[in-house]
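J.: take this sequence and fold it.
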Amino acid sequence: MLRTLTKVAKTLRAEGIPFALAGGCAVYARGGPATAHDADILVREEDAKPAVRALVAAGMRAAEPPEDWLLKVYDGDLLVDLLYRPNEIPVTDETLARAEELAVGSVVLPVMPATEVMISKLLVLDGHRCDFSVLLPFARALREQIDWDKVREATADSPYAEAFLLLVERLNLVEPKLTRDLAERSAS
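T.: Okay, the predicted model is just below:
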């Protein structure tokens, strides 16, 4: 995966295409568990097709996804998703500007903040995709890097996110919001 990320970064930078690492690879870059599933790369919609062309020219192969919010390429058997509208939220210059440069293996990459990665992962949850087993190690490993109030606010309309947030509170991974709110009231 690290070789693929290096290849993607080198290629996109050579083409002047701004990008940021998201998903499980961003979690890994921030100290969380490793992922071997795929690499999620955020790009602006206008850059998605040029990015695919550049990556194909660099030896990867394109795959036609059924979704209308990402494009896919493969580096051998490793999948790279080029996301330009995850969770129906367009990737903008402002989105990419929030990424932080971090060392990932032998390359420095722009990596999305842990809070935003958690929000994105929670907003994907629905009745067909509600597996907390991947999210729990992420929450445990990066809990100090996540602004949990921001996560609660951004995912307030999702009952699946609400259930996950209750679970991490009950597991004592994060302080329960109610407990914190009561402590703040009694201190003032």
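
J.: from here on, contacts and neighbour counts on C-alpha atoms
T.: Will do.

J.: now the helix or strand Arg152 falls within: mean pLDDT?
T.: In the assignment (DSSP states H and E), Arg152 maps to helix 148-154. For helix 148-154, the mean pLDDT works out to 95.

J.: only the buried residues of it, if you could.
T.: Trp148, Val151, Arg152, Ala154 (16 or more other CA atoms under 10 Å).

J.: residues near Ala138, how many?
T.: Careful, residue 138 is Phe; it's not Ala. 22 (other CA atoms under 10 Å).

J.: so what's it up against?
T.: Taking CA atoms under 8 Å, 6 or more residues apart in numbering, we find Phe138 in contact with Val27, Gly32, Pro33.

J.: please redo it, this time with the cut-off set to 10 Å
T.: For Phe138, the contact set (CA atoms under 10 Å, 6 or more residues apart in numbering) comprises Gly24, Val27, Tyr28, Arg30, Gly31, Gly32, Pro33, Ala34, Ala114, Val117, Met118, Phe132.

J.: does Arg44 touch Ala97 like I think?
T.: No: at 11.8 Å, Arg44 does not count as touching Ala97 under the criterion of CA atoms under 10 Å.

J.: more neighbours: which of those two?
T.: Arg44 (21 against 14).

J.: how close does that one sit to Pro86?
T.: Computed as CA to CA, to the nearest Å, the Arg44 to Pro86 distance reads 11 Å.

J.: give me the pLDDT for the nearest residue to Gly59 once chain neighbours are set aside.
T.: Spatially, and ignoring its direct neighbours in sequence, Gly59 is nearest to Asp75 (7.4 Å; CA to CA, 6 or more residues apart in numbering). Among the per-residue scores, Asp75 holds a pLDDT of 96.

J.: what about the closest residue in space to Ala58 that isn't next to it in sequence, which helix or strand?
T.: Leaving out its chain neighbours, the residue that sits closest to Ala58 by CA to CA, 6+ apart is Thr11, at 7.0 Å. With secondary structure defined by DSSP H and E, Thr11 is part of helix 2-14.
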